[in-house]
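Visitor: Predicted model and sequence follow; I will ask about them next.
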Amino acid sequence: MRLATFEYTPFVIEFSFHRLVEAMHLFIEDPKKNDIKKSYFKDLLDRVGQVPCLLEPITDTRLIKNNESLINELLEILFPIALTDNEIKAVGMPFQNLMFNHSRRFQKIIEESGGNYNIEIRDFNQHQYYIACCCIIMNHYFNANFDLTRPLFIDLPDANGIIHHYRILYNADFVEVIPNEHAKMLSKKEVELLQDNFDNLELWQSFFPQHSWQLRGFGIINLVDVTIENALSLLKENFLKSELQCVPIGDIVEPLFSSIFRVPHLRVGFSPLETDTLIQRETNDMMAMSNFLLNKEQTGIVLSKQAYHTIIEEKGYYSISDIDKAVEDEDEMEMALHLKSKGVKSCLFAPVVISSGIEGILEIVSDQPRMLHSVNAQKLDTLMPIISETFERVKIDFLNKVEAIIQREFTTIHPSVYWKFLEEARRNYVDSIFEKNYFVNPISFQDIYPLYGEIDIKGSGALRNIAIENDLKEQIEKLLEILVEATSPTNQLIIEKHVLKLTAYLRQLEINLVSGLEQRIQNYIKKEIHPYLDKEAHLFQLEKVEAYNKSIDFQLGIYYKYRRVYDKQVGKINRSFSDLLDQRQEVVQKVYPHYYERFKTDGVEHNIYIGSSICPTKSFDFTYLQNLRLWQLQVMSELMCVHYRNNIQDALKMDVTVLLFVYDASLGIQFRMDEKRFDIDGSYNTRYEIIKKRLDKACVKGTAERIVQPRKLTIAFASTYDIADYMNYIGYAQQLGILLDDLEQFEIEDMQSVSGLIGIRVGVNLNYDLDTLDYESLMHNFLKFQYL
């Protein structure tokens with residue numbers, strides 16, 4: 001068995017017993033010492049003197065092996081026979097690779113570990129080793145005070161495979177450090193330089209070259225078994241790791257628990273209680289721990305009455321030392337059989353108590369009987385505070401990360417601009433610590449290029465009004481049917497009043513659904529008719545009232561039949577548009593990051609902003625804007641194709657229109673804190689927003705024809721500046737086949753505060769094979785089309 005060392009060292013190792021021999025001579029010369037011991041030492045030194053090589057520096061380890069018995073006798077003064085079964089002790093050199101003259105306990109540990117188990121100092125690398133050797137030289141030869149004292153540990157298995165942890169102690173009383181011809185003498189300034197440069201290994205090696213010093217003599221190495229203390233420390237260290245939720249902690253803790261309890265192959269589990277089930281089980285899953293008390297359905301834990309009383313009510317430890325015997329106990333039978341089915345022979349259970357109560361039950365189980373019992377259960381007194389603290393932290397981390405996901409997924413802060421919010425939040429937090437009157441700076445981005453697009457359901461307002469009108473008509477007709485067939489002479493006057501008023505409302509609906517009529521009808525039915533039907537329920541036919549109620553949405557408080565069909569279909573269309581648009585966004589975001597947001601109305605609108613201020617870490621080129629415009633043209637054409645293919649089976653036939661708006665200048669946007677969204681920054685940029693809001697109702701100049709038409713893609717330009725580029729984009733799309741050869745250009749009518757707009761309209765090929773669309777190589781293919 002060897003103590004691990006490293007390839008590079010400033011030392012030439014020379015074993016020597018000269019210091020011990022000198023100490024024995026001094027003992028012999030002392031008249032006050034015991035004569036019997038003096039006589040023994042004289043005899044021993046005479047025999048050592050007959051082997052001259054033992055009195056000289058030893059570099060050949062074979063000499064030690066060949067004279068093992070004599071060396072052992074020489075070292076008995078330092079290795080008392082009475083303590084050989086208790087002490088873990090051997091002769092060696094600090095941090096070096098040879099040990100001999102082991103105590104019997106040390107030898108037993110070696111044999112149990114396999115006989116040739118290499119000792120490796122935990123967390124001790126070449127850099128640390130080399131500087132530790134240099135510090136030995138500094139302290140012994142230069143009388144410096146380079147204190148590198150820190151606990152050093154090794155980990156060795158016993159015969160049962162249980163890992164034991166030992167602390168290493170070095171005694172260097174019989175070691176001396178001697179410079180050779182390669183050694184460098186250091187000045188005070190150089191010593192101070194080394195004190196300030198621990199991390200500069202090359203500097204240390206320059207002052208202490210390899211093999212420039214002799215390490216002569218021998219050291220005494222003592223190991224102290226600190227298994228329990230060290231296992232507890234390692235347990236705490238692992239539980240405190242910030243990445244705890246990302247590693248299978250169960251694999252880490254089981255060997256440590258085996259070391260602490262000195263029981264091989266322990267298994268550790270955790271079973272959550274039923275309250276707060278989601279958080280507790282998610283915590284359990286993240287920590288990758290098994291469970292032994294959960295039933296087969298994973299819906300509850302199996303506990304006997306006594307176990308429940310001890311663990312849950314008294315918050316104490318509960319042990320079963322022999323499962324086979326527990327099976328014979330009627331009170332313990334169910335729990336014991338459940339554990340036996342999982343291979344458990346003895347076990348310990350402890351409640352994991354956090355600030356909110358009992359989080360669950362820690363389970364320690366063995367496949368051998370009598371390994372765990374009420375006596376060694378007391379070791380949990382030291383463990384449970386660490387474990388409870390860990391579960392508390394993991395639960396808080398879990399909740400914080402859930403909150404972070406909500407912030408990330410359900411707010412308007414897009415990933416492309418998140419860095420700006422993070423930068424301002426950090427600054428704001430630091431300012432809040434030092435200043436009372438801190439403020440939040442506006443989040444804004446200047447000199448960016450806007451892109452706007454919408455795909456809208458044509459005539460959605462009219463379709464909605466038809467659905468509302470049909471609902472109101474059918475609701476009134478059903479109410480009239482219920483009221484007319486009522487059987488009550490005493491209530492006839494009230495019924496007649498309701499019948500007449502509902503009939504009048506029905507006649508008005510036949511003429512026109514005027515503004516405010518829907519609200520008046522709904523108020524009358526909610527406040528007059530429904531309370532009357534409930535109060536005088538015995539007057540009306542139950543079957544007809546129940547049939548009527550089936551069409552009432554009591555959450556909305558309205559008759560909801562035709563509107564349900566409309567809303568469901570519009571929702572389905574919008575989800576289809578949003579999902580496809582978001583999916584295509586993922587591809588184009590990789591080309592150059594840009595801000596993107598969308599809104600659902602009776603269709604889907606989107607805003608895109610691109611420019612160097614949004615992504616300052618990446619150089620911006622106008623080609624990225626061209627790529628995004630081409631992408632927008634293609635994806636909006638795809639959305640229209642998808643709609644008409646999916647809308648065939650729908651109850652309502654809905655046409656859609658597509659509108660793109662091309663602005664001729666860059667602008668700025670600012671995050672509106674009150675509205676929690678981005679908006680155009682500066683009054684000089686408001687023209688962009690004004691045009692956007694009025695475009696979808698605009699007409700071709702000199703006509704009553706809307707610029708947006710079903711099955712066509714309309715592009716509105718603020719000026720003629722970008723038309724040529726878009727003609728190239730359209731030409732490319734026509735060559736692909738997704739756009740038709742029916743392009744038309746027109747002027748758009750002047751609107752309030754808006755004039756001089758140009759429009760282009762082109763048909764979309766609804767039969768195009770969408771599987772052939774290539775978004776990843778979009779700009780590359782376009783450039784080939786344009787220049788080759």
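Guide: Received it, and whenever you're ready, just let me know what you need.
Visitor: chain center to the strand ranked longest in the chain: distance?
Guide: Ranked by residue count and defined by DSSP state E, the top strand of the chain is strand 444-457. Using CA atoms, centre = their mean, to the nearest Å, the mean C-alpha position of strand 444-457 is found 33 Å from that of the whole chain.
Visitor: can you check stretch 440-449 too?
Guide: Between the centre of stretch 440-449 and the centre of its chain there are 30 Å (CA atoms, centre = their mean).
Visitor: quick one: buried residues of it?
Guide: Ile443, Phe445, Ile448, Tyr449 (16 or more other CB atoms under 10 Å). C-beta here means a position set from N, CA and C on the backbone, and glycine is covered the same way.
Visitor: After the helix or strand of the chain with the lowest mean pLDDT, which helix or strand is next?
Guide: When the helices and strands of the chain are scored by mean pLDDT, DSSP states H and E, helix 277-286 comes last with a mean of 50. Remark: after helix 277-286, the chain's next helix or strand is helix 305-308, criterion DSSP states H and E.
Visitor: Identify each buried residue in that following helix, please.
Guide: Neighbour counts using 16+ other CB under 10 Å place Ala307 of helix 305-308 among the buried residues.
Visitor: what is the mean pLDDT for it?
Guide: Helix 305-308 carries an average pLDDT of 93.
Visitor: Same check on stretch 730-739?
Guide: 94.
Visitor: same check, this time on stretch 473-492
Guide: Stretch 473-492 carries an average pLDDT of 82.
Visitor: start to end distance for that stretch?
Guide: This stretch, stretch 473-492, spans 24 Å end to end (CA to CA, to the nearest Å).
Visitor: Ok, stretch 508-524 next?
Guide: End-to-end distance (CA to CA), stretch 508-524: 15 Å.
Visitor: Which other helices and strands does the longest strand of the chain contact?
Guide: Counting contacts by 3 or more CB pairs under 8 Å, 6 or more residues apart in numbering; DSSP states H and E, strand 444-457 packs against helix 562-589, strand 595-601, strand 603-610, helix 622-646, strand 656-662, strand 667-672.
Visitor: As TSV, the ones you listed with mean neighbour count and distance to Ser346 would be great.
Guide: Putting the helices and strands packed on strand 444-457 into TSV (neighbours: other CB atoms under 10 Å; distance: least, CB to CB, whole Å) gives the following:
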stretch	mean neighbour count	distance to Ser346
helix 562-589	17	54
strand 595-601	16	60
strand 603-610	22	63
helix 622-646	19	63
strand 656-662	23	70
strand 667-672	19	62
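Visitor: got a markdown table for these, with distance to Asp158 and mean pLDDT too?
Guide: A markdown table is the format used below for the helices and strands packed on strand 444-457 (distance: least, CB to CB, whole Å; pLDDT from 0 to 100):
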| stretch | distance to Asp158 | mean pLDDT |
| --- | --- | --- |
| helix 562-589 | 55 | 91 |
| strand 595-601 | 62 | 88 |
| strand 603-610 | 66 | 93 |
| helix 622-646 | 65 | 93 |
| strand 656-662 | 75 | 95 |
| strand 667-672 | 64 | 87 |
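Visitor: As a markdown table, the ones you listed with distance to Lys501 would be great.
Guide: As requested, the helices and strands packed on strand 444-457 are arranged in a markdown table below (distance: least, CB to CB, whole Å):
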| stretch | distance to Lys501 |
| --- | --- |
| helix 562-589 | 23 |
| strand 595-601 | 36 |
| strand 603-610 | 38 |
| helix 622-646 | 43 |
| strand 656-662 | 41 |
| strand 667-672 | 47 |
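Visitor: For Ser755, find the nearest of these.
Guide: Among these, strand 656-662 comes nearest to Ser755, with 15.2 Å by CB to CB.
Visitor: Would you mind pulling the contact partners of the closest one?
Guide: By CB atoms under 8 Å, 6 or more residues apart in numbering, the residues outside strand 656-662 that reach it are 451-458, 573, 603, 629, 632-633, 636-637, 639-640, 643-644, 691-692, 695-696, 707-710, 712-718, 722, 726, 764.
Visitor: picking up where we left off before, the longest strand of the chain pairs with which strands, parallel or anti?
Guide: Using DSSP bridges, the strands paired with strand 444-457 are strand 603-610 (antiparallel), strand 656-662 (antiparallel), strand 667-672 (antiparallel).
Visitor: residues contacting Ala350?
Guide: Contacts for Ala350 were tallied using CB under 8 Å, 6+ apart; they are Ile311, Tyr317, Tyr318, Ile361, Leu362, Ile364, Ala377, Leu380, Met384.
Visitor: just so I know, which of the helices and strands packed on strand 444-457 lies nearest Met138?
Guide: Closest among these, using CB to CB: helix 562-589, at 57.5 Å.
Visitor: and that closest one with strand 595-601, angle?
Guide: Using axes from the mean of the first three to the mean of the last three CA atoms, to 10 degrees, the inter-axis angle of helix 562-589 relative to strand 595-601 is 170 degrees.
Visitor: And helix 562-589, what does it pack against?
Guide: For helix 562-589, the packing partners by 3+ CB pairs under 8 Å, 6+ apart come out as strand 444-457, helix 460-484, strand 595-601, strand 603-610, helix 622-646.
Visitor: can you redo these as TSV with distance to Tyr141?
Guide: Formatted as TSV, these follow (distance: least, CB to CB, whole Å):
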stretch	distance to Tyr141
strand 444-457	65
helix 460-484	91
strand 595-601	66
strand 603-610	68
helix 622-646	66
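Visitor: and Ile730, which of the helices and strands packed on strand 444-457 is closest to it?
Guide: Among the helices and strands packed on strand 444-457, helix 622-646 sits nearest to Ile730 (CB to CB), with 7.4 Å.
Visitor: Now do that closest one against helix 562-589, angle only.
Guide: Using the same axes, to 10 degrees: helix 622-646 against helix 562-589 is 150 degrees.
Visitor: Tell me which other helices or strands helix 622-646 touches.
Guide: strand 444-457, helix 562-589, strand 603-610, strand 656-662, strand 712-717, helix 723-736, helix 778-787.
Visitor: Take those and write them to JSON lines, including distance to Val224.
Guide: Output for the helices and strands packed on helix 622-646, formatted as JSON lines (distance: least, CB to CB, whole Å):
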{"stretch": "strand 444-457", "distance to Val224": "63"}
{"stretch": "helix 562-589", "distance to Val224": "59"}
{"stretch": "strand 603-610", "distance to Val224": "66"}
{"stretch": "strand 656-662", "distance to Val224": "78"}
{"stretch": "strand 712-717", "distance to Val224": "81"}
{"stretch": "helix 723-736", "distance to Val224": "78"}
{"stretch": "helix 778-787", "distance to Val224": "69"}
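Visitor: so which of those comes closest to Ser341?
Guide: helix 562-589 (46.5 Å).
Visitor: re earlier: please check the contacts of strand 656-662 and keep the buried ones.
Guide: Neighbour counting over the contacts of strand 656-662 (16+ other CB under 10 Å) leaves 451-458, 573, 603, 629, 632-633, 636-637, 639-640, 643-644, 691-692, 695-696, 707-709, 712-718, 722, 726, 764 as the buried ones.
Visitor: which residues touch Gln569?
Guide: Gln569 touches Asp650, Ala651, Leu652, Met654, counting by CB under 8 Å, 6+ apart.
Visitor: can I assume the first one sits in a helix?
Guide: No - looking at Asp650 with DSSP: H, G, I helix; E, B strand; the rest coil, it is coil, so not inside a helix.
Visitor: Now the phi/psi pair for it, please.
Guide: The phi and psi values for Asp650, taken as degrees, to the nearest 10, are phi -70, psi 150.
Visitor: for it, what are its contacts?
Guide: By CB under 8 Å, 6+ apart, the contact list for Asp650 reads Gln569, Lys572.
Visitor: can you check the second one too?
Guide: For Ala651, the contact set (CB under 8 Å, 6+ apart) comprises Val565, Gln569.
Visitor: in which helix or strand would I find the closest residue to Asn197 other than its chain neighbours?
Guide: Among residues not flanking Asn197 along the chain, Leu203 sits closest, at 5.2 Å (CB to CB, 6 or more residues apart in numbering). Applying DSSP H and E as the criterion places Leu203 in helix 201-207.
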